[in-house]
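Asker: I would like the atomic coordinates for the input below:
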Amino acid sequence: MNYLGIDWGEKRIGLAYADEVGIAVPLSAAVAASKKARLQHIEQMIKERRIDEIVCGYPLNMNGSVGFKAKEVDVFIEEITKRFCLPIHRIDERLSSHSVEQGLKGQKKKPDRKSGEIDSRAAALILQDFIEEKALNQPMPLPDEGGMY
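Answerer: I've put the predicted structure just below:
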């Protein structure tokens, strides 16, 4: 199974990739000036990485309610669902970009918002959360007759 993680933004869309190994890695962000070009960049990543499912960060308010930004993401998800015909999972992304920025500051690395690096690292955090949650919900395999898994 190949996954594309998305951290949506009006100007930049962070992207990340994970496969059956289960480690999310940032990809180049969709940072083109036009929405059409950003969607084409996403389409290119879907084709190149043979994506099966999309995991999109969902910006809930701190109290867990759906606010204005989450409604904007709903519109984006509706658009990419129609365009790419892939299953899409919404994952709570509260503070994901903030966590990335804090991590970069701890490394004494200046965050560059325009490059989309922060957005793609946030997409990787979102995707990794999804993968770990999915792994926790998987039933443990039963041993075979020889006691081996």
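
Asker: okay, now residue 87: neighbour count?
Answerer: 11 (other C-beta atoms under 10 Å). For glycine as for every other residue, the C-beta is placed from the backbone atoms N, C-alpha and C.

Asker: ramachandran coordinates for it?
Answerer: Taking degrees, to the nearest 10, you get phi -60, psi 140 for the backbone angles of residue 87.

Asker: low-confidence ranges, this protein, go.
Answerer: Within the chain, the stretches with pLDDT under 70 are 95-114, 138-149.

Asker: which stretches of it form strands?
Answerer: Along the chain, counting by DSSP state E, strands occupy 3-7, 14-18, 25-26, 53-58, 88-92.

Asker: for residue 119, which of those strands is the nearest?
Answerer: Ranking the strands of the chain by their distance to residue 119 (criterion: C-beta to C-beta) puts strand 14-18 first, at 2.8 Å.

Asker: what's that closest one packed up against?
Answerer: Counting contacts by 3 or more C-beta pairs under 8 Å, 6 or more residues apart in numbering; DSSP states H and E, strand 14-18 packs against strand 3-7, strand 25-26, helix 35-49, helix 117-136.

Asker: helices and strands around the second one, which ones?
Answerer: When you say that, I think you mean strand 25-26. Packing partners of strand 25-26 (3+ C-beta pairs under 8 Å, 6+ apart): strand 14-18, helix 117-136.

Asker: now these in JSON lines, with distance to residue 35?
Answerer: Converted to JSON lines, these look like this (distance: least, C-beta to C-beta, whole Å):
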{"stretch": "strand 14-18", "distance to residue 35": "15"}
{"stretch": "helix 117-136", "distance to residue 35": "15"}
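
Asker: could you single out the most deeply buried of the ones you listed?
Answerer: Of all those, strand 14-18 has the most neighbours on average by mean count of other C-beta atoms under 10 Å, namely a mean of 25.

Asker: sheet partners, orientation included, of that strand?
Answerer: When pairs are called by DSSP bridges, strand 14-18 turns out to pair with strand 3-7 (antiparallel), strand 25-26 (antiparallel).
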